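Student: sharing a model prediction with you, sequence too.
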Amino acid sequence: MRSVNFRTFSFVIVTIFLLTIFQTYSGSTAIAVEDTLPVISMNPSASATDSYILFWPLTAGRTQGDSIYSLKLLKEQIRGWFIFGDVRKADYAVFLGTKRVLEAEKLLRDGNNNSAIKTLDSAKVQFTSAYDFIKNADSKGRLTPEGIRRDRLLNLKTLIDGLKVSSETEIKNKLDSVQESIDAILRDYLG
């Protein structure tokens, strides 16, 4: 009986510890602050630091090739398990897609084009997922466009236009693909 209580107690302690870590590093407090930021237009030839202005407080953080990048992805996946409703899942997919584009920007600045291409592919997957969640919510009559960060999508278009200016053809094609996914969400549902 005593070992069962100890196991239960240990499980509860470990669970609380992990949830605390995930909550601390999940960026949930930063998201609330970000809701008040306006959409900012920028000159496509502007410097790479403009992503800081466009998406503050979001930053790339860890990128592909970092030793703990897989932990970042695991944290995001676990966080996603606790998000319910198609509109909220769509907004979270937009958030993750935005993170991937910011990561790709950092990788491009660092000259790591191969990892940037893989990261842009991941961004495309996230925006496609967001589109599917939005489509599903719309088909159920539950789409609330204000539940999805339209300003974030518009700022992404601005950032991608800026990234295309100094990128090689393969990168431009990937950026165009991501931008087409963003355009589809805006055109079909958030116009």
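Tutor: Arrived safely, thanks for sending. The shown structure was predicted, so the numbers you read here are calculated from the model rather than taken from an experiment.
Student: and the lengthiest helix in the chain, what does it pack onto?
Tutor: When the chain is parsed with DSSP state H, its longest helix is helix 113-139. Where contact means 3 or more C-beta pairs under 8 Å, 6 or more residues apart in numbering; DSSP states H and E, helix 113-139 is packed against helix 86-109, helix 169-185. (C-beta placed from N, C-alpha, C; glycine too.)
Student: make JSON lines out of those helices and add mean neighbour count.
Tutor: Below are those laid out as JSON lines (neighbours: other C-beta atoms under 10 Å):
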{"stretch": "helix 86-109", "mean neighbour count": "23"}
{"stretch": "helix 169-185", "mean neighbour count": "17"}
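Student: tabulate these (JSON lines), appending mean pLDDT and distance to residue 10.
Tutor: Listed next are these as JSON lines, based on pLDDT from 0 to 100; distance: least, C-beta to C-beta, whole Å:
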{"stretch": "helix 86-109", "mean pLDDT": "96", "distance to residue 10": "31"}
{"stretch": "helix 169-185", "mean pLDDT": "96", "distance to residue 10": "44"}
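Student: so which of those is nearest residue 133?
Tutor: Proximity to residue 133, assessed across the helices and strands packed on helix 113-139 by C-beta to C-beta, is greatest for helix 86-109 (3.7 Å).
Student: report all helices and strands that the closest one contacts.
Tutor: helix 50-55, helix 69-81, helix 113-139, helix 150-165, helix 169-185.
Student: got TSV for the helices and strands packed on helix 113-139, with distance to residue 140 too?
Tutor: As requested, the helices and strands packed on helix 113-139 are exported to TSV (distance: least, C-beta to C-beta, whole Å):
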stretch	distance to residue 140
helix 86-109	7
helix 169-185	17
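Student: of these, which is nearest residue 126?
Tutor: Residue 126 lies closest to helix 86-109 among the helices and strands packed on helix 113-139, at 3.4 Å (C-beta to C-beta).
Student: any idea of the angle that closest one forms with helix 150-165?
Tutor: If you take axes from the mean of the first three to the mean of the last three C-alpha atoms, to 10 degrees, helix 86-109 sits at 20 degrees to helix 150-165.
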